[in-house]
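# Got a sequence here, can you build the structure:
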Amino acid sequence: MIKTLLLLSIIVLLCAKCSENKTIKATSKSAQFILPELPKKIKFAGTEYNLNDLDIQEKLDRELLTNIYYQSATSQIIKRSKRYFPIIEKILNEENIPDDFKYLACIESALIPQAESPVGAKGFWQFMPETGAEYNLLVNDEIDERIDLSKSTKAACAYLHKAKDTLKDWLLAAASYNRGLGGVKRDMKWQKSTNYFDTEMNIETGRYVYRMLAMKLILEAPEKYGYNIPEKQKYAPIKTKTIKVSKSINNIAEWAIQKGVNYKIIKKLNPWLLKNSLHIKKHNYQILFPTEDENLRPYSSNL
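Purely as a prediction, here's the structure:
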């Protein structure tokens with residue numbers, strides 16, 4: 001009896017091992033490791049750039065691979081792009097900034113409204129407080145307009161126009177968003193270079209434009225790089241209406257309930273509001289609310 005049980009146990013173990021090996025082989029066979037074929041040319045802001053150079057190819061390859069295999073972050077950028085790109089694209093068009101600069105916002109903040117860097121840059125376009133003030137973004141204890149998508153995008157457009165007027169090239173303007181106008185001009189001057197690809201810059205700026213180009217390639221053709229995200233899983237734009245506020249609100253949570261929503265919903269649509277109060281001095285404010293037919297409402301109203 002004992003020998004029979006021992007024999008049966010060995011047979012079960014062997015079957016399990018065989019099944020495991022088959023699973024491993026099947027998984028190995030079906031797994032795909034994407035090594036992207038790099039383009040020989042890329043068009044950015046209306047200009048076509050030749051990418052045949054060995055150094056350019058390797059730098060672009062690095063950023064493509066980094067973003068392709070940073071699946072959780074890149075998947076979320078693709079999902080958020082459906083919500084935020086229509087707003088960004090509209091403002092870029094109105095401000096005469098090339099549409100491709102929406103990819104700069106992707107690498108700056110991953111399209112996270114409250115994104116904050118270790119040095120204090122905030123929002124979709126990662127403005128520092130002093131730079132935000134220079135471009136008329138109000139920051140105080142109660143509000144931070146660097147987190148306001150519309151206002152910060154307009155501020156970014158103003159900077160990019162200034163950079164383009166100074167550097168005479170959109171790609172250099174993009175590099176200056178990271179390096180600063182002065183830094184780009186100094187690097188080009190002592191190296192006697194005339195374009196981004198011929199200019200050696202610090203490590204971060206040296207990767208910066210390639211990261212933006214890699215993000216453009218991925219978001220323009222996500223399936224090509226292994227991202228098959230169904231449209232229904234992407235974050236749809238939220239239908240909103242605007243309420244003009246010209247009087248101070250001492251308690252936004254109570255005010256929101258009176259308006260049929262709650263503080264959480266107000267914060268989701270208006271992340272630039274920092275506290276539970278809004279004291280009006282010189283400015284009027286536009287606060288976004290979900291429309292009545294939008295699927296964004298207090299949980300208790302669904303019970």
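
# Any buried residues in the helix or strand encompassing Lys164, and which?
Element membership of Lys164, judged by DSSP states H and E, is helix 149-167. For helix 149-167, the neighbour count (16 or more other C-beta atoms under 10 Å) marks 149-157, 159-160, 163-164, 167 as buried. For the C-beta atoms, the positions are set from N, CA and C on the backbone; glycine is no exception.

# Would you check how far apart Ile78 and Phe85 are?
Separation of Ile78 from Phe85 (C-beta to C-beta, to the nearest Å): 10 Å.

# repeat for Lys192
38 Å.

# Show me the helices in the protein, by range?
2-30, 54-68, 71-94, 102-109, 129-134, 149-167, 170-179, 181-191, 203-220, 252-258, 263-269 (DSSP state H).

# so of these, which one's packed in deepest?
Scoring the helices of the chain by mean neighbour count under mean count of other C-beta atoms under 10 Å gives helix 102-109 as the most buried, with a mean of 25.

# Identify the residues contacting Tyr159.
Taking C-beta atoms under 8 Å, 6 or more residues apart in numbering as the contact definition, Tyr159 lies against Thr131, Tyr135, Tyr177.

# Now tabulate these in TSV and tack on pLDDT.
Putting the contacts of Tyr159 into TSV (pLDDT from 0 to 100) gives the following:
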residue	pLDDT
Thr131	94
Tyr135	96
Tyr177	97
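
# got JSON lines for those, with distance to Lys239 too?
Listed next are the contacts of Tyr159 as JSON lines, based on distance: C-beta to C-beta, whole Å:
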{"residue": "Thr131", "distance to Lys239": "32"}
{"residue": "Tyr135", "distance to Lys239": "29"}
{"residue": "Tyr177", "distance to Lys239": "31"}
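
# model confidence over stretch 241-253, on average?
Averaging pLDDT along stretch 241-253 gives 96.

# buried stuff in that stretch?
Val245, Ile249, Ile252.

# re earlier: tabulate the helices of the chain (JSON lines), appending distance to Tyr227.
Formatted as JSON lines, the helices of the chain follow (distance: least, C-beta to C-beta, whole Å):
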{"stretch": "helix 2-30", "distance to Tyr227": "17"}
{"stretch": "helix 54-68", "distance to Tyr227": "8"}
{"stretch": "helix 71-94", "distance to Tyr227": "6"}
{"stretch": "helix 102-109", "distance to Tyr227": "14"}
{"stretch": "helix 129-134", "distance to Tyr227": "33"}
{"stretch": "helix 149-167", "distance to Tyr227": "24"}
{"stretch": "helix 170-179", "distance to Tyr227": "24"}
{"stretch": "helix 181-191", "distance to Tyr227": "32"}
{"stretch": "helix 203-220", "distance to Tyr227": "7"}
{"stretch": "helix 252-258", "distance to Tyr227": "36"}
{"stretch": "helix 263-269", "distance to Tyr227": "25"}
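
# Among the ones you listed, which comes closest to Ser300?
Closest approach to Ser300 among the helices of the chain (C-beta to C-beta): helix 252-258, 10.3 Å.

# Tabulate the CA atom coordinates of that closest one in PDB.
This file holds the C-alpha atoms of helix 252-258, laid out as PDB (Å, rounded to 0.1, in the frame of the first residue of the first chain):
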ATOM      1  CA  ILE A 252     -15.700  75.400  -0.200                       C
ATOM      2  CA  ALA A 253     -16.900  72.000   1.200                       C
ATOM      3  CA  GLU A 254     -20.200  73.400   2.400                       C
ATOM      4  CA  TRP A 255     -20.600  75.600  -0.700                       C
ATOM      5  CA  ALA A 256     -20.000  72.500  -3.000                       C
ATOM      6  CA  ILE A 257     -22.800  70.500  -1.200                       C
ATOM      7  CA  GLN A 258     -25.100  73.500  -1.700                       C
END
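
# Surely Trp170 and Lys43 touch.
No - contact between Trp170 and Lys43 fails when scored by C-beta atoms under 8 Å: they sit 11.1 Å apart.

# Now Glu200: closest residue in space, sequence neighbours ignored.
Setting aside the residues directly before and after it, Glu200 is nearest to Gln191 in space (C-beta to C-beta, 6 or more residues apart in numbering), at 6.4 Å.
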